[in-house]
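Turn this into a model:
(4 chains)
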Amino acid sequence: MQLRSRSFELPTTSEAQEFYHSRGWTDGLPVVPPTSEAVIACLEWALVTADQLIGVEPVRECAISAEKLAINAVMAGCLPMHFPVVLAAWTAMLQPEFLLHGATASTGGCGIFIVLSGPVRKELGASGEINVLGGSDRATSVIGRAIRLGLINILNVSPGAIDRSTLGHPGKFSYCLAEDEEGTGWETLGEAQGMPDQASAVTVLAAGAPRQIMNEWTTVPEEILDTYAAEMRANMLNYSIWAGNYAIVIPKQHRDHLEAAGWSKADVANYIHDKARVKRAAWSDVGKSAVIRGKGEIQYSALSSPEDLLVIAAGGPAGGFGAIIPPWLGTKSRAVTVPIGACLDCEPPAIRP
Amino acid sequence: MQLRSRSFELPTTSEAQEFYHSRGWTDGLPVVPPTSEAVIACLEWALVTADQLIGVEPVRECAISAEKLAINAVMAGCLPMHFPVVLAAWTAMLQPEFLLHGATASTGGCGIFIVLSGPVRKELGASGEINVLGGSDRATSVIGRAIRLGLINILNVSPGAIDRSTLGHPGKFSYCLAEDEEGTGWETLGEAQGMPDQASAVTVLAAGAPRQIMNEWTTVPEEILDTYAAEMRANMLNYSIWAGNYAIVIPKQHRDHLEAAGWSKADVANYIHDKARVKRAAWSDVGKSAVIRGKGEIQYSALSSPEDLLVIAAGGPAGGFGAIIPPWLGTKSRAVTVPIGACLDCEPPAIRP
Amino acid sequence: MPVSVLDPTTEAVNLAATSAARLGSLQGTTIGLISNGKEGTQGFFTHLKRLLHDRYNVAEVVLRTKHNYSAPAEAAIIDEIQNWHAVVTGIGD
Amino acid sequence: MPVSVLDPTTEAVNLAATSAARLGSLQGTTIGLISNGKEGTQGFFTHLKRLLHDRYNVAEVVLRTKHNYSAPAEAAIIDEIQNWHAVVTGIGD
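Just a heads-up that it's a prediction; the model follows:
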């Protein structure tokens, strides 16, 4: 396979390491030097050619090739088996409704939250359990980081360049999780988002940092979910009132109570949709009286519809915790789900003799 | 300098990379292979011997040497100049009031939030501005990660081993920032925590993920701070009601209004101390009626005293955002600040001819 | 051992574009203003519109507002640009 | 090129400690229960205390509660252990 990228000769791997840092081509952490061999291995595993166009970032009219994504994936620590997920995540991010330029340039400072659904999780050894939002396994760690390095290098989303985040949050280093599908009777997030049953899929959401909640004092579904809804209301009042795709991560201790009571993901979403509402007048409690402007009775909902809530089953077995993952900017950037490796009109390559 | 750690011979650096991953000695991301040469360079830069005892983790009675910290720092991507900060951060984390075992084992799933104050920030090229919580520069990125790798390898704080986080958060990858001291007239966090004026210092806090707030509609200090206080109340009600060391990160847009009005860090802390209070009765709004138990009139404060608030000046120049960084567990784990390189009874090494 | 490594950045140059010819004068021209839609642009563009009329004798000032301040302008606005002699855009907060 | 790299983990073994001799019987003994202080331990240890008295004829059951469930037991509790024939501790939630 022929690659088109410029190459550089460095005397040692540690000098290669410093070369990338000195050019501003990293997130500050060590990278794996991207050799042709490693990059080609990624491309071959994913059955794509180097020049395959994965998409175009529309604002800056930047065409994004499989080759550049593979170089950044190798740098992030990806093995070839991780690369199809990186490709799928970028395919999703390049859908217009994701609004990639806005999400990555904004002072709002979001990260790209990535959820893996279906068999690919097991194939990659991704864990949906303990420490699922803080680095639970190699696969989710490197996939999340591959997205960040690709943004930095391909789209110049470095702090002070395109990235103008006032604060940002640590999910920018890596913000990828797998659902704990073995620990739940619920449908997968991919299925809930319209993918075929049992297909592997990846969902991307431009998102803030997780806001953790705790309720260890009830087994009643409504009461458990009231804590999640309260946290969404807090985000609406203190951060941004606009409706959008929220994600909620429900670990096993809470989930067991919900499932035992017969609640589905859709039931959860319906309940939250009803409860995550605030009136504009409540801005007076949070320092924002200046913008009520006589319209205090207007009610706002965190979700335009129940389907806008991404309900995620993940987390360790013990602890009455959960998390809200807020959207970057209301409905202007949408969660996007795409299947992984579901190539319906292509054939596998001929096996070489 | 003589090192005591076991060494391993690997055929190539990429096989060394896989060796560390296969043993579970990483956070999933690539590491720099820790050679004796690189480790000794860190130790020499920090003027410590390999066997210097940095502290003992009391619950598991684990003695922690400079050598093991240096090995993990190299793996995280640290250069020798970063290592004194890593040593200082560990010194702080090993003070009994930090409660390291609890903080790293808990299902609560906190990260180690690290703040650099004083001249060391500039010496290391650390930035306190754009994307300050999401990876703004190499120094803060690798220092934050060195802490996590040290926990994983020295104290076995891996997910499913000692780390039992239900969810964790991405700050576990790296959660270190420098203050924007050049962009403020305020005292540094180190000074506020009792360090000598203009000394370099590091502060550690066992903390949850940042909770971002926004208020772009006022220039009145009280109104700006009301939004921060509201977010602290939300954390108290939805997550944990116990008082502890909260940190708040105030970027320049908000800070300029506060400073122009003559507010100091102490004024900010006093105001927040008054406002970040909730009554137990408010649990009825967030799914926790079951634990009010007739004591609804009891009032709780987020801060035992104004001094418990860590006020941090950092963030990009534009955007009416700010962040609350909540404590892991009330007053059971305290923020600790130590000076860096303030060696009062030692002399610099003789210059070799 | 020497290692050969690859450039992770975008090397392709964007399609060539040339700047339009500069206007000799604003007198009698039609000028478009494209707001990104943020609230702070209202006062700014209102003032700019007045200046263009009063000080530079611009014939017409057309104000258009993007629907989404983080996305490119809608096609209808882009199409309209050909009717203008010059356009002012940028970010506003 | 071969590379020689170092072990990042704790290699030192902790101080040797041996288990105490097992009790032949609980009859007439004093047993300490150390709660980590979490609410859920109250009912559990109350029930355990009753079992130890009723079923095993334990002479005395001493219940102590740690001040901080994430820290080692206070020195005063550790000192008291030598007065007991056996101690039950662990995590409770």
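
do stretch A:8-17 and chain C meet?
Yes: for stretch A:8-17, a contact with chain C is found by CB under 8 Å from any CB of the partner chain, at A:8-13, A:16. Placement of C-beta: from N, CA and C, glycine included.

then that stretch to CSV, C-alphas only?
Once non-C-alpha atoms are left out, stretch A:8-17 reads as follows in CSV (Å, rounded to 0.1, in the frame of the first residue of the first chain):
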residue,chain,number,x,y,z
PHE,A,8,10.9,12.1,8.5
GLU,A,9,14.0,10.2,9.5
LEU,A,10,15.0,10.4,13.1
PRO,A,11,18.0,8.8,14.7
THR,A,12,16.2,7.1,17.6
THR,A,13,12.6,6.6,18.8
SER,A,14,13.2,8.9,21.7
GLU,A,15,14.3,11.6,19.3
ALA,A,16,11.2,10.9,17.3
GLN,A,17,9.2,11.4,20.5
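
chain center to that stretch: distance?
Centroid separation for stretch A:8-17 versus its chain: 32 Å, with CA atoms, centre = their mean, to the nearest Å.

which residues sit against it?
A:19, A:30-31, A:33, B:13, B:32, C:1-7 (CB atoms under 8 Å, 6 or more residues apart in numbering or on different chains).

Out of the residues you listed, which comes closest to chain D?
Nearest to chain D among the contacts of stretch A:8-17 is C:Met1, at 4.5 Å by CB to the nearest CB.

Number of residues surrounding that closest one?
Neighbours of C:Met1 under the rule other CB atoms under 10 Å in any protein chain shown: 8.

quick one: contacts for it?
With contact taken as CB under 8 Å, 6+ apart, C:Met1 is in contact with A:12-13, D:1.

Could you do A:Ser289 as well?
If a contact means CB under 8 Å, 6+ apart, then A:Ser289 has A:283, B:223 as its contacts.

so which one among the contacts of C:Met1 has the lowest pLDDT?
pLDDT across the contacts of C:Met1 is lowest for D:Met1, at 79.

Next one: it from A:Ile71, what distance?
23 Å (CB to CB, to the nearest Å).

and if you look at A:Ala146?
A:Ala146 sits at a distance of 10 Å from A:Ile71 (criterion: CB to CB).

Please apply the same query to A:Trp45.
Distance, A:Trp45 to A:Ile71, by CB to CB: 15 Å.

and if you look at A:Met81?
In this structure, A:Met81 and A:Ile71 are 17 Å apart, going by CB to CB.

more crowded one of the two?
In this view A:Met81 and A:Ile71 are compared by other CB under 10 Å, and A:Ile71 has more residues nearby, 30 against 16.

wait, what's in contact with the more buried one?
Going by CB under 8 Å, 6+ apart, A:Ile71 touches A:5, A:34, A:39, A:153, C:6-8.

just A:Pro96 next, same as before
The contact partners of A:Pro96, by CB under 8 Å, 6+ apart, come to A:Pro58.

Over to it: give its phi and psi.
Backbone geometry at A:Pro96, expressed as degrees, to the nearest 10, gives phi -60, psi -40.

Please identify the helix or strand for the closest residue to chain B within chain C.
Closest contact between chain C and chain B, by CB to the nearest CB, is at C:Asp93 (7.3 Å). Assigned by DSSP states H and E, C:Asp93 falls within no helix or strand.

quick one: it and B:Ala318 touch, right?
Yes: applying CB atoms under 8 Å, one finds C:Asp93 in contact with B:Ala318, separated by 7.3 Å.

what's the residue of the stretch 1-150 of chain A found nearest chain B in contact with, if anything?
Closest approach of the stretch 1-150 of chain A to chain B (CB to the nearest CB) occurs at A:Gly134, with a separation of 2.5 Å. By CB under 8 Å, 6+ apart, the residues touching A:Gly134 are B:109, B:111, B:159, B:165, B:167-173.

Go again with 7 Å.
In this structure, A:Gly134 makes contact with B:109, B:111, B:165, B:168-170, B:172, judged by CB atoms under 7 Å, 6 or more residues apart in numbering or on different chains.
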